[in-house]
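In: structure, please.
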Amino acid sequence: MNTRKDIRNVAIIAHVDHGKTTVVDSLLKYAGQFKVKQDEAQETVLDSNPLERERGITILAKCTSVKYKDYTVNIVDTPGHADFGSEVERVLKMVDGAILMVDAVEGPMPQTRFVLRKALALGLRPIVVVNKMDRENSRPSAVVDEVFELFMELGADDKQLDFPILYASGREGWASDKLEERGTDIKPLFDAIIKYVPEPEADETKPLQMQVTMLDYNNFLGHIGIGRILNGSVNKGDNVVLLKNKGGSVNAKAVKIEKFLGLSKTETESAKAGDIVAISGLEGVDVGDTVCHPDNPIPLPPLAIDEPTISMDFFVNDSPFAGREGKFLTSRHLKARLEKEAQTNVGLKVEQLEGEGRFKVSGRGELHLTILIENMRREGFEFAVSKAEVLYKEDEKGKKLEPMEIAYIDVPEEFSGSVIQKLSNRKGELQGMTPINGGYIRLEFSIPSRGLIGYRGEFLTDTKGNGILNTIFDGYGPYKGDLSYRKQGSLIAFEAGEAITYGLFNAQERGTLFIGPGEKVYAGMVVGQTGKAEDIEINVCKKKQLTNTRSSSADEALRLTPPRILSLEQALEFIDVDELLEITPQSLRIRKRILDPTMRKRANFNKG
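Out: Presented below is the predicted three-dimensional model:
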């Protein structure tokens, strides 16, 4: 067996917010890949997308490479959120080892189980790093025991069970192989990578074989395939053939070859087995395709890509305010943007529906689709989306199946009863209840994916912001029956105009308002939420009637309750099946699908 002794390929995997990207920062710093001044200006440097930085999560898997002693260490930073789990699954195919990061306080969490199961199934022997040792209430010994139990539960073999353990603080930039000793730098982690991550199998005398595991796109160079060369070599300008994941082949050319170095890529004339590279010019490339030499087209086993579980309909904006705030408005703009996203975002599916400007966009979860919506909004797009709906399947007997989730909920004991009741009403089944640190209880639920739609905001309210909700896809199960999404109705603007203080003052008695005085509204626009189940039409543009008499004392100023301003996620959670969310670069407006009140009542009557 031929191997590359000078290379180590390793992925960093963990649950969301357990410190993967911060540890990568420390590795880059130690290897001298960026200066202190740069570091002070920006932490989590691999999270280059503005949304990643704002939300503090990794959305896209990213490659980086550092020199350590005589070795090249290729590091892949992976997402930690369950909605982007397919990214983890694919990148594990191009590495020989994995660093499993676990929080020293929280211990193994839902995504820890998911990513570890994938790593063990591929035969990897993970290095376990207990991170955030600088946190109060850290419990490293107990966390290591929990990790060991998780390895056992997932069927690890004897070699995998004998995993190396390091203790670290990514934020403070140190690691140690001894629990009782605080480290001075991150060097022990580099040493562990060299010692425990196997040398990549690589035979450059064989014909070229590289499986594409990630995609990129460049307006000048076209499609870019990223992956690890398993066998053979490739030179700039070589003709290659793409063996498609779903069958067939396409001729292509390696227009440009780049290797990863620190925070950027560097062009190279050639690459050989064991290298992780980005090859430009592979028109029509998809994840899972095999890049081969034209004379020896030998495919690699196809990659399984997770199917979407949730969908939203995207529409061209047709509200009375259409075209006032966005730059890209038409069906052509919307179609081109969604198709471009589908080229690189392999977990996404786009279908054109009947009628002009209607598209069904399917993804792995609400966050997956929310990220796309927010990116499009910032680019200047104006459009509307429907409520998220799950994608159903049928078994061999024709019975309806729906996507199921495992939900892990850490909640103060005093709020546990409310959470259990709410999730039970949403068809959730309590699987376990375990006391944890600080008066918290960890609840484990099996619940349909649709039962979680619109619940997160309610959950934060019920737990006064102290609850933590984590979910992970758990396959398809039998349909659990009908479910009501929302108990409260909407306050709907009766006429177009500008919201007036007097009209809002009268309207606020009916419920919670989403708008303040001076905001433009149109008939059919949702301006608030009622406390009752049915919708109520109100006139927020109503002015006070003037009279000829004047009271001896001035009228008291009308006092308005501050409106509830909904974020994108909150608005998507709020909308019901007969509503749309109008999205522009400047505004989020909830509206009824049918704006005309007479037609709306007729539609509701027919629906009933």
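In: any low-confidence regions in the chain?
Out: Scanning the chain for pLDDT under 70 picks out 1, 33-62, 80-87, 89, 263, 485-487, 545-557, 604-608.
In: chain center to the longest strand along it: distance?
Out: Longest among the strand segments of the chain by residue count, using DSSP state E, is strand 400-412. Relative to the centre of its chain, strand 400-412 is centred 17 Å away, using Cα atoms, centre = their mean, to the nearest Å.
In: what is it packed up against?
Out: In terms of contacts (3 or more Cβ pairs under 8 Å, 6 or more residues apart in numbering; DSSP states H and E), strand 400-412 is packed against strand 393-394, helix 416-425, strand 440-448, helix 449-452, strand 468-478. C-beta here means a position set from N, CA and C on the backbone, and glycine is covered the same way.
In: could you export the third one as PDB, keeping only the C-alpha atoms?
Out: Output for strand 440-448, consisting of C-alpha atoms alone and laid out as PDB, is shown next (Å, rounded to 0.1, in the frame of the first residue of the first chain):
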ATOM      1  CA  TYR A 440     -31.600  22.100  34.500                       C
ATOM      2  CA  ILE A 441     -33.300  19.000  33.000                       C
ATOM      3  CA  ARG A 442     -32.500  17.500  29.700                       C
ATOM      4  CA  LEU A 443     -35.600  16.300  27.800                       C
ATOM      5  CA  GLU A 444     -35.400  14.000  24.800                       C
ATOM      6  CA  PHE A 445     -38.400  13.900  22.500                       C
ATOM      7  CA  SER A 446     -39.200  12.100  19.300                       C
ATOM      8  CA  ILE A 447     -41.300  14.600  17.300                       C
ATOM      9  CA  PRO A 448     -42.500  15.100  13.700                       C
END
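In: tell me the strands beside it, with direction?
Out: In the sheet, strand 440-448 lines up against strand 400-412 (antiparallel), strand 429-436 (antiparallel) (DSSP bridges).
In: list the contacts of the shortest one.
Out: Counting by Cβ atoms under 8 Å, 6 or more residues apart in numbering, the neighbours of strand 429-436 from elsewhere in the structure are 406, 410, 413, 416, 420, 423-424, 441-447.
In: go with 7 Å
Out: Asp410, Ile420, Ile441, Arg442, Leu443, Glu444, Phe445, Ser446 (Cβ atoms under 7 Å, 6 or more residues apart in numbering).
In: could I get the helices and strands packed on strand 400-412 as a markdown table with distance to Cys541 and mean neighbour count?
Out: Shown next, in a markdown table, are the helices and strands packed on strand 400-412 (distance: least, Cβ to Cβ, whole Å; neighbours: other Cβ atoms under 10 Å):
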| stretch | distance to Cys541 | mean neighbour count |
| --- | --- | --- |
| strand 393-394 | 47 | 12 |
| helix 416-425 | 36 | 16 |
| strand 440-448 | 41 | 20 |
| helix 449-452 | 37 | 23 |
| strand 468-478 | 39 | 17 |
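In: strands along the stretch 1-150 of the chain, start to end?
Out: In the stretch 1-150 of the chain, the strands defined using DSSP state E, counting those that start in this stretch lie at 7-14, 62-68, 71-77, 97-103, 127-131.
In: what residues are up against Lys259?
Out: By Cβ under 7 Å, 6+ apart, the contact set of Lys259 is Ser65, Lys265, Thr266, Thr268, Ala271, Asp275, Val277.
In: in ChimeraX, select just the buried ones from those residues.
Out: Those of the contacts of Lys259 that count as buried under 16 or more other Cβ atoms under 10 Å are selected in ChimeraX with:
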select :65,265,271,275,277
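In: need the contacts of Lys259 in CSV with distance to Leu122 and secondary structure, can you?
Out: Compiled in CSV, the contacts of Lys259 are given as follows (distance: Cβ to Cβ, whole Å; DSSP: H, G, I helix; E, B strand; the rest coil):
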residue, distance to Leu122, secondary structure
Ser65, 21, strand
Lys265, 26, strand
Thr266, 29, strand
Thr268, 28, strand
Ala271, 23, strand
Asp275, 20, coil
Val277, 21, strand
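In: nearest to Asn466 among the contacts of Lys259?
Out: Closest approach to Asn466 among those (Cβ to Cβ): Ser65, at 41.1 Å.
In: test my guess that the closest one contacts Lys265.
Out: No. Counting by Cβ atoms under 7 Å, Ser65 does not reach Lys265; the two are 9.2 Å apart.
In: so for His368, which of the strands of the stretch 1-150 of the chain sits nearest?
Out: strand 62-68 (17.3 Å).
In: paired strands for that closest one, with orientation please.
Out: Going by DSSP bridges, the partners of strand 62-68 are strand 71-77 (antiparallel).
In: residues making contact with the strand it pairs with?
Out: So strand 71-77 is contacted by 6-12, 20-21, 24, 27, 46, 58, 61-66, 91, 95, 193-194, 260, 276 (Cβ under 7 Å, 6+ apart).
In: quick revisit: got JSON lines for the helices and strands packed on strand 400-412, with distance to Glu136 too?
Out: Putting the helices and strands packed on strand 400-412 into JSON lines (distance: least, Cβ to Cβ, whole Å) gives the following:
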{"stretch": "strand 393-394", "distance to Glu136": "46"}
{"stretch": "helix 416-425", "distance to Glu136": "23"}
{"stretch": "strand 440-448", "distance to Glu136": "14"}
{"stretch": "helix 449-452", "distance to Glu136": "31"}
{"stretch": "strand 468-478", "distance to Glu136": "16"}
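In: need the contact list for Thr584.
Out: Glu325, Gly326, Glu382.
In: which stretches in the stretch 151-300 of the chain count as strands?
Out: Using DSSP E, counting those that start in this stretch, strands in the stretch 151-300 of the chain cover 165-169, 174-176, 209-218, 222-231, 233-235, 239-243, 249-253, 256-261, 264-268, 270-272, 276-280, 290-292.
In: out of those, which gets nearest to Gly524?
Out: strand 209-218 (38.8 Å).
In: mind listing what's buried in that closest one?
Out: For strand 209-218, using 16+ other Cβ under 10 Å, the buried residues are Gln209, Met210, Gln211, Val212, Thr213, Met214, Leu215, Asp216.
In: of the contacts of Thr584 - the most surrounded one?
Out: Glu382 (27 neighbours; other Cβ atoms under 10 Å).
In: from Gly489, how far out is that one?
Out: As judged by Cβ to Cβ, to the nearest Å, Glu382 and Gly489 stand 27 Å apart.
In: same thing with Val390?
Out: Applying Cβ to Cβ to Val390 and Gly489 gives a distance of 23 Å.
In: ok, Arg125 next?
Out: 56 Å.
In: same question, Arg324
Out: Arg324 is 28 Å from Gly489, by Cβ to Cβ.
In: over to Leu282?
Out: From Leu282 to Gly489 the distance is 52 Å (Cβ to Cβ).
In: kindly report the same for Pro294.
Out: For Pro294, the distance to Gly489 - Cβ to Cβ - is 64 Å.
In: who has more neighbours out of those two?
Out: Gly489 (19 against 14).
In: the more buried one contacts Thr530, correct?
Out: Yes. Contact criterion Cβ under 7 Å: Gly489 and Thr530 qualify, at 4.5 Å.
In: which neighbours do the two share?
Out: Ile536.
In: pretty sure Ala278 sits against Asp216.
Out: Yes. Judged on Cβ under 7 Å, Ala278 makes contact with Asp216 at a distance of 6.5 Å.
In: shared neighbours, the two?
Out: Ile224, Ile226.
In: show me how far stretch 382-394 is from its chain's centre.
Out: The answer for stretch 382-394 is 16 Å, by Cα atoms, centre = their mean.
In: what is the end-to-end distance of it?
Out: End-to-end distance of stretch 382-394 (Cα to Cα, to the nearest Å): 36 Å.
In: so for it, what gets flagged as buried?
Out: Glu382, Phe383, Ala384, Val385, Ser386, Lys387, Ala388, Glu389, Val390, Leu391.
In: need the contact list for Glu269.
Out: Contacts of Glu269 (Cβ under 7 Å, 6+ apart): Asn235, Lys236.
In: at 8 Å what do you get?
Out: Contacts of Glu269 by Cβ under 8 Å, 6+ apart are Asn235, Lys236, Ile257.
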